[in-house]
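Chemist: Take this sequence and fold it.
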Amino acid sequence: MNSMPKILLVDDEERFVKSLHAILKHYDYQCMEAQTGFEAIRLLKNGHFDLVLLDVDLPDMSGCDILDFVTTSRIKTTSIMLTGISTVETAVRAMQLGAYDFLSKPINHELLIKTIDKAYQHHKLTSELAASELRFQVLAEASWEGIVVHENGRLIEANNQFFSMFGYSEEELAQGGFLEKILTSHSRRIVNQHIADAFFGRFEISGVRRDGKVFPIEANSRSITYLEKPARVCALRDLSDRVKAEEEKLNLQKKLAKANKLKALGLMAGSVAHDLNNILSGVVSYPELLLSQMSTSDRYYTEIKKIQDAGKRAAAVVSDLVLLARGNSSLTTIENINDIILSHLSSIEHNERLANYPNVVIQTSLQQNLQNTSCSHQHIHKILLNLIGNALDAVHEDGLIRISTQNCTFTHPEASHRSGASTCEYVKISISDNGPGISQKDMEYIFDPFYTTKKMGKSGTGLGLSIVWNTVQQHNGWLEVKDNNPGAIFEIYLPATAETVHAQQPENIIRPSRGNGETILLVDDLPEQNDMISKLLENIGYKTISATSGEESIACLQSHEVDLVLLDMIMGDGLNGRETYERILKVCPGQKAIIISGYSKSEDVVMAKALGVSHFLEKPVSLPILSLAIRQALAGN
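Modeler: Residues are numbered from 1 along each chain as shown. Presented below is the predicted three-dimensional model:
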């Protein structure tokens, strides 16, 4: 990063703001502090800040009031809201007032730095757009005009700017008609018609320089008397810079619109993901409980299975929204892409989809001795799922899909313009089909969130290729789309590594693992969540006790001995999951625990694992995965 943003930290909790200041100082950010709203406003009036990290609740005014002051005062800064209790209403009001993002306390350091970086890019993009608009205004009002006086197309007088504009000398244009030399044939017809009709005023035409280059001109003509004879005077303005400025402005507006779309997506995902995942837990888990007590021939078995599948698809959409808005926070491991491709092609998920296209052939050409890469297995699987799924939809029947891998050398396009940029070793994945291909009209938008070419009623949220693009970028890779004639080909480049793959033993989790009467304490602030998990676990041989707060769970453990605790991370106004586990360890040292939450990564989860939590599971969680985690936790794995 060439320059670090200047940040104003606004929070009335002195310990929190000092801690936040220390963290940001570690990353070389320049920070100032304010613990009241009035102090923040004073600093904003008298200084320049690229970013403001703003607490929602201050002792003398709300963070939204400060946001309103920033907006009405036209202070050039970008605001990130901080709060311990996030509500949809607060998020919507903050977004309406111009907040860039909304972070919940306690704050994950990795997410904080990533959000600051994105906000600073947004701030610079907004500043560039404002500068572009100012430059456009100056260019539009400039008076660098060529002035020419002529009589029916015969040059009489002209200023130096006129001759400089077209690259001719006065002698070259003085003889005969000069319009043939300086205008395109179409523009000459327009000008001659204006002369014949005695039309005066403003119009646009195309000029031709002496070197043959065509350029846009704005002409403004009127009638004058010159040396006692009627004549026309024209002021000619070269519009090349204005057109270029307009194109630059349009491109920046497109980038800003895309950034605003992702900003709105991030606010929405962050505000509702936890609540939606709690709701979807019931849609996924209760059908699982019913299905475990039914045979496939039972009445309504198929319908209940469809309800469960719909819930899983809805959970996947929420996961995609969070991934797209917040970025990929999954840990990377050393993997061989060939192994991931073969694993995906043999997966139940892929083969169930392929069954709908019985005549489609998938061919693979995987290079032997393919180099390894550092990646998230889960997200490479997501890339394959989206690209192969799109290819299947494109080829319909009797189609052909080819998947290939190879080692290659490659210069990343975003680094190619830098001095000293070098060609590096990459692993290349190619997925092609022989379908109708992608039109030029669609090619520009295929990676935009929610853009889809699928017909109404067909599957598709418009997030698939956005997920692919963002995942490749987060792996420091590159993605290219080409015409396969027929069809399309997607080429993915991922950095290669000389590190070796660590062998892993996959767990078979097709059927839930049964318990042996062990007692499990369920801790969730929503009673219906506890009730649902209780029914699932009791159905496979466990005993359960429920608590609806961290404080209640601690009191419960003082009178009951349990084998395992299942903790929700976010629990209303009281203790959260990590704080609860810290206090549980004081009452019951060595107590085994698992965390279940709607968020995939947070500082509290990392700290809880350091304290001894064995597993972190994302809601909604299936019974086979939950039972496997319980079995491993009880065994001390």
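
Chemist: And residue 12, how far from residue 575?
Modeler: Distance, residue 12 to residue 575, by CB to CB, to the nearest Å: 22 Å. In short, each C-beta sits where N, CA and C put it, glycine included.

Chemist: what about the two, which has more around it?
Modeler: Higher neighbour count among residue 12 and residue 575: residue 575, with 20 against 15, using other CB atoms under 10 Å.

Chemist: Who are the contact partners of that one?
Modeler: Residue 575 sits next to 549-551, 583 when contact means CB atoms under 8 Å, 6 or more residues apart in numbering.

Chemist: Can I take it that it is in a helix?
Modeler: No. Residue 575: not assigned to a helix; according to DSSP: H, G, I helix; E, B strand; the rest coil it is coil.

Chemist: any idea how far residue 619 is from it?
Modeler: Residue 575 sits 19 Å away from residue 619, taking CB to CB as the criterion.

Chemist: likewise residue 197?
Modeler: As judged by CB to CB, residue 197 and residue 619 stand 74 Å apart.

Chemist: So between the two, which is more surrounded?
Modeler: Taking neighbours as other CB under 10 Å, residue 197 and residue 619 compare with residue 619 leading, 24 against 8.

Chemist: is it true that that one touches residue 276?
Modeler: No. Contact status for residue 619 versus residue 276: not in contact, 9.3 Å apart, counting by CB atoms under 8 Å.

Chemist: for the stretch 51-200 of the chain, what spans make up the helices?
Modeler: Using DSSP state H, counting those that start in this stretch, the helices of the stretch 51-200 of the chain run over 63-72, 88-96, 109-141, 160-166, 170-174, 179-182, 185-197.

Chemist: Enumerate the positions of the second one that are buried.
Modeler: Translated: helix 88-96. Across helix 88-96, burial judged by 16 or more other CB atoms under 10 Å covers 90-91, 93-95.

Chemist: could you say which helix or strand contains the closest residue to residue 447 other than its chain neighbours?
Modeler: Once flanking residues are discounted, residue 447 sits nearest to residue 469: 4.3 Å by CB to CB, 6 or more residues apart in numbering. Residue 469 belongs to helix 464-474 when elements are defined using DSSP states H and E.

Chemist: same for whichever helix or strand comes after that helix, what does it pack against?
Modeler: Per DSSP H and E, the first helix or strand lying C-terminal to helix 464-474 is strand 478-483. With contacts taken as 3 or more CB pairs under 8 Å, 6 or more residues apart in numbering; DSSP states H and E, strand 478-483 sits against helix 464-474, strand 488-497.

Chemist: For those, give me CSV that also has mean neighbour count and mean pLDDT.
Modeler: As requested, the helices and strands packed on strand 478-483 are exported to CSV (neighbours: other CB atoms under 10 Å; pLDDT from 0 to 100):
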stretch, mean neighbour count, mean pLDDT
helix 464-474, 21, 82
strand 488-497, 21, 93
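
Chemist: Surely the residue nearest to residue 447 and residue 480 touch.
Modeler: No. The criterion here is CB under 8 Å, and residue 469 misses it with residue 480 at 11.1 Å.

Chemist: so what pLDDT did the most far-flung residue of the chain relative to its centre get?
Modeler: In the chain, the residue that sits farthest from the middle, by CA atoms, centre = their mean, is residue 228; the gap is 68.9 Å. On pLDDT, residue 228 comes in at 79.

Chemist: For this structure, which element, helix or strand, carries the lowest mean pLDDT?
Modeler: helix 413-416 (a mean of 64; mean pLDDT, DSSP states H and E).

Chemist: what does the average pLDDT come to for the helix or strand that that one is followed by?
Modeler: Next helix or strand after helix 413-416 toward the C-terminus (DSSP H and E): strand 424-433. Averaged across strand 424-433, the pLDDT comes to 94.

Chemist: ok, now stretch 125-134?
Modeler: pLDDT averaged over stretch 125-134 gives 80.

Chemist: All further residue positions should be reported with the first residue as 21.
Modeler: Done: numbering now begins at 21, and the last item shifts to stretch 145-154.

Chemist: Could you list the domains of this protein?
Modeler: The chain breaks down into these domains under automatic domain parsing: 26-133, 165-258, 357-517, 539-655.

Chemist: Figure out which of those is closest to residue 301.
Modeler: Shortest distance between residue 301 and the domains of the chain, using CB to CB, is found for domain 539-655: 4.0 Å.

Chemist: Can you give me the end-to-end span of that closest one?
Modeler: In terms of CA to CA, to the nearest Å, the two terminal residues of domain 539-655 are separated by 14 Å.

Chemist: Need the pLDDT of residue 589.
Modeler: Confidence at residue 589, expressed as pLDDT, is 83.

Chemist: which residues does it contact?
Modeler: 596-598, 615-617, 619, 622, 624-625, 628.

Chemist: got it, and residue 97?
Modeler: Neighbours of residue 97 in contact, by CB under 8 Å, 6+ apart: 28, 64, 68-72, 90, 143.
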